[in-house]
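A.B. asks: build me a model:
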Amino acid sequence: MAAYQLQINGKKINAEAASDMPLLWVIRDIVGLKGTKYGCGIAQCGACTVHIDGSPVRSCQIPISTLSKKAKITTIEGIGEIELHAIQEAWIEEQVPQCGYCQSGQIMSAVALLKDNPQPTDEEIVASMNGNLCRCGTYSRIHQGIKKAAIALKEGTSSPSNDK
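C.D. replies: Below is the predicted model:
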């Protein structure tokens, strides 16, 4: 076991963990944030997506020992913490989730997409969201939610990311 200093959702966190423990388990089991989900364990489904320094990563495959002390980690709990993010508003309006299990990973990937590309084409949305699996098949609603959020952000009718 080793001591690690992390910055998660804008808060400094001290955690003791084995050096090979994946970030996912640190977030869920040590820090106690349960929004990030375990899906496949091999970085293929996207359920465990978090942001490290603003970029989406699969936390199930990131050993805690590989993170720098300066790394800024954002989980689903850190998105829209003050007010809903445009993606979250669109998800509600479009009734995107069915079972909801994959949605934290879907939202994290969609927020990163719109941060890097505020007006993505249909093809760019598909390419960016590729690898985020949804067992319920709500891909068309996810796609529509991203388009709706992009329009809201462009028009200034919704808040940008609160990514810490």
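
A.B. asks: switch to C-alpha atoms for all contacts and neighbour counts from now on
C.D. replies: Fine.

A.B. asks: tell me the strands in this structure, going along the chain?
C.D. replies: The residue ranges that make up the strands of the chain, judged by DSSP state E, are 2-8, 11-17, 49-52, 55-58, 72-74.

A.B. asks: centre of the chain versus the last one, how much separation?
C.D. replies: Distance of strand 72-74 from the chain centroid (CA atoms, centre = their mean, to the nearest Å) equals 10 Å.

A.B. asks: please apply the same query to stretch 124-141.
C.D. replies: Once both centres are worked out by CA atoms, centre = their mean, stretch 124-141 turns out to sit 14 Å from its chain's centre.

A.B. asks: residue numbering should commence at 157 henceforth.
C.D. replies: Taking 157 as the first residue, the last one we looked at is stretch 280-297.

A.B. asks: avg pLDDT for that stretch?
C.D. replies: The average pLDDT within stretch 280-297 is 96.

A.B. asks: same check, this time on stretch 183-201
C.D. replies: 97.

A.B. asks: how far does it sit from its chain's centre?
C.D. replies: Between the mean C-alpha point of stretch 183-201 and the mean C-alpha point of its chain there is a distance of 11 Å (CA atoms, centre = their mean).

A.B. asks: got it, and stretch 209-223?
C.D. replies: In this view, stretch 209-223 has its centroid 11 Å away from the chain centroid, taken as CA atoms, centre = their mean.

A.B. asks: got a list of contacts for that stretch?
C.D. replies: Contacts to stretch 209-223, defined as CA atoms under 8 Å, 6 or more residues apart in numbering, come from residues 160, 173-182, 194, 197-199, 202-207, 227-230, 264-265, 268, 319-320.

A.B. asks: okay, and which of those residues map to helices?
C.D. replies: Within the contacts of stretch 209-223, membership in helices is found for 179-181, 264-265, 268, as judged by DSSP state H.
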